[in-house]
Structure formats: structure tokens, C-alpha cells
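>>> below is the structure, and that's it, no one-letter string:
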């Protein structure tokens, strides 16, 4: 990707604002890193406890552990490598357990004629990295046709899963969320059943279109249905963008996806289905700046001015999480503004405002009305929203 002098200066400014620990992490995550490129890095400045915390927060320790073992002349304290080794081994066990359950669920859905697309988990690690041990996952995400949601939930309940309680009014959960969470007493992970890829008002293809473009993975003995290549890439972009890319693992996914060889001509039509050209540009800008992801000349059209704006905004979350090792609370309000800016056009912004105006369970907690008059929450919502804000301000003052 060509850079103007102004943009090069911007990149230098970004790295100067990052700590030595996050800069070392970024160096080690780059595909082309070698001992030679690391020889001038001053490891004496590194706080290794902070470095470990960052690697765990960004969930990149598996690939980091493998990289550090491959480097012959760059060394870090043995105590750090012991931590990474234990975490890596634990992740291998977790991913194998997830893979086993994924195979069982895939077989269960097939036997019951339920069309299911597995989104992330081991299937994503195998697809992008070619090895399930090189990526972490805390759950299985499965996209189901909206018409099969009820039967899917009943099937999971019959297998010993328990659905996470969803406190809502006026079917709020269907408007504000895009999945339900299930737990099983035998596992430490959860299963998320999605009826959409992303929250509204994000635009996305219909389930039938996604199903028609599906691929089949042979990671297990039971064939597993997964998203088509283009759909998977654009889904990962929408997911990372929505969360402000505050975990580097999401950008690493984009980097490795691009390095596998993306035929952009095949993406043009599908990008329009998602209407997320500006998000694609944002992800490429961030991946190129931080991980040196190679971006060809044919992608300039995706790097619109809004892509740079939202890329600069996302850097606040990456820098913020560096300090906090979690999504920083002080950036919650900024994140709300960021989500507003992400909306592509006025129509999406209107839809977003309509969703925000939809009554929530927090309204019910503030004012408990009988079920037969729950419709009153619609006109009352602005007042209830203001009431909650005043309550928060009073708590802060005290």
C-alpha cells in the first residue's frame, strides 16, 4: 500500500504512542518477522509481566509461543515461555474438546434436518491457520435459519444444554441481539445460536444466500458446513469493526486471510450485499499499519476517507485495552459514538436510532408496569432513559 508523507507521519505517531510491550507484540505477530529484524529491539525496556498480560488479553499467545520457539537468536525470560507453554497446551486441549462437540452437534443437526453454519471456533482456526491449536476460542458460534431457531433450542435442551436467561420485554432480544447462549454442565465453553451474523441494523445476506454459498469442512469425521470464503472474510470484518478491533487476534485473522491470497474480483458483488466497503477499508488500513499486511494496488477504491476516519477511531480501543487489559470503561461512551459513525448512510442511522428507541429490560427495572400495558414503554422510553442518566450522575457525585 502506498503511503503519503502525511500518512507515514501518522503511522510513526501511532507507534510512538504505544508501549514497548505492545510494539514488541506487534513485531512478533508479523508474518515476515526474523531474528535479523529483531536484533535492534531493546528487550531491556520490556516489562515482561505486562507483555504476558497483553498476549493473553489479545488472545494471540498460541501463535506467539510457536513464533518464539522458531526464532533462534531472539530470547525472552524462561518464566515467560513457561507461561506461554502452559497456556498453549491448555488451548490445545480446549480446541480438541470444542472440535469433538462441534462434530456431535453437526451430526445432530444433520439427522434432524436443521441447516447449520458453523462460524468460528476450531473450524475458523483450521480454515485460516491450518492448525486448530494456533487460535483460541471460548465458544461455538452456529448460524441457524430463523425458521429453525425454535426446533434448534428444543434439540439442545433435550441434550442437556441450558439456555442463558434472557430478560427482555416486548421481544427486545430479537431486536437488540442476534444470538442466544447455551451452557452444558460437562463443558467450560458455551454454544451460541445465531439467527443473524451481526446486530441490527448491519446489512447482511439472507440465510438462504449464505447457505447456497456454503463450504464443507472435513476437519472432523462428520462433514461440517461453514460460510463461503467471501462471507467468512466479510463476517470477520463486521465483527471486528463492531468491537473496535480491541483484540489484536481479530486483525491477525484478517492479516492471515489476506496473505492466503484473496481474489478481490470475487468479493465485489458480495461486499455490496453487506454494504460494508468502508469497514473492509478500515480493516485493511489497520492490518497494514500494525501487522504490515500486504495490500495490493487494486484495493485503493476500498480505502475511502471514512475508512481512515474509523481506523483512527479504532486505534483508541487498541491503545486503551493496552492499558486496561480489557475493554476500557472510560471508552464506553466513545464506543457508542464510534458505532454511530460506523453506520454507512442516513438510512442505517435511522434504523439504528429506531433500535435504540426500542424498550429494554432496564426500562422495566426502573418502572415496573403490568404486562398488558407494556406498550407504554415506547412513549415513556425517552423519560426513562433520562432518569437512568440522572441516577448514574447522582451516584458519581456521592
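Received, thanks. Note that this is a predicted model, so its numbers are computed, not measured. Numbering: from 1, shown residues only.

>>> report how many residues lie close to residue 268.
Residues lying near residue 268 (other C-beta atoms under 10 Å) number 12. Backbone N, C-alpha and C define where each C-beta goes, glycine included.

>>> measure it to residue 148 for me?
According to C-beta to C-beta, to the nearest Å, residue 268 and residue 148 sit 31 Å apart.

>>> likewise for residue 81?
46 Å.

>>> which one of those two has more residues nearby?
Each of residue 81 and residue 148 has its neighbours counted (other C-beta under 10 Å); residue 148 has more, 19 against 15.

>>> who's in contact with the nearest residue to that one once chain neighbours are set aside?
Of all residues not flanking residue 148 in the chain, residue 114 sits nearest, at 5.0 Å (C-beta to C-beta, 6 or more residues apart in numbering). Under the criterion of C-beta atoms under 8 Å, 6 or more residues apart in numbering, the contact list for residue 114 reads 144, 148, 151-152, 155.

>>> same check on residue 145?
Residues near residue 145 by C-beta under 8 Å, 6+ apart: 115, 195, 207-208, 211.

>>> related to what we said a few turns ago, so which of the contacts of residue 114 belong to helices?
Using DSSP state H, 151-152, 155 are the members of the contacts of residue 114 that sit in helices.

>>> are any of these buried, and which?
152, 155 (16 or more other C-beta atoms under 10 Å).

>>> closest one to residue 177 out of the ones in helices among the contacts of residue 114, please.
Nearest to residue 177 among those: residue 152, at 15.8 Å, using C-beta to C-beta.

>>> gap between that closest one and residue 203?
24 Å.

>>> just residue 295 next, same as before
24 Å.

>>> show me where the stretch 201-350 of the chain has helices.
For the stretch 201-350 of the chain, applying DSSP state H, counting those that start in this stretch gives helices covering 207-212, 229-242, 248-259, 268-274, 277-291, 305-324, 332-342, 346-356.

>>> mind listing what's buried along stretch 251-270?
Those would be 251-258, 267, 270, for stretch 251-270 by 16+ other C-beta under 10 Å.

>>> ok but residue 114 is inside a helix, no?
No: Residue 114: not assigned to a helix; according to DSSP: H, G, I helix; E, B strand; the rest coil it is coil.

>>> ok, now how distant is it from residue 194?
On the measure of C-beta to C-beta, residue 114 and residue 194 end up 13 Å apart.

>>> what do you get for residue 287?
Residue 287 is 25 Å from residue 194, by C-beta to C-beta.

>>> the more surrounded of the two?
Neighbour count, other C-beta under 10 Å: between residue 287 and residue 194, residue 287 has more, with 27 against 20.

>>> how about that one: what's its closest non-neighbour residue?
With C-beta to C-beta, 6+ apart, the residue lying closest to residue 287 is residue 293, at 3.8 Å.

>>> from what I can see that neighbour touches residue 299, true?
No: the criterion here is C-beta atoms under 8 Å, and residue 293 misses it with residue 299 at 10.7 Å.

>>> give the residues shared as contacts by these two.
residue 284.

>>> the two - which one has more neighbours?
Shown here are residue 293 and residue 299; by other C-beta under 10 Å, residue 293 has more neighbours (23 against 16).

>>> burial measure for residue 218, as a count.
9.

>>> next one: it from residue 225, what distance?
From residue 218 to residue 225 the distance is 11 Å (C-beta to C-beta).

>>> any chance you could read off phi and psi for residue 180?
Backbone torsions for residue 180, taken as degrees, to the nearest 10, come to phi -120, psi 150.

>>> got the contact list for it?
Each residue near residue 180 by C-beta under 8 Å, 6+ apart is listed here: 153, 163-164, 166, 173, 192-193.
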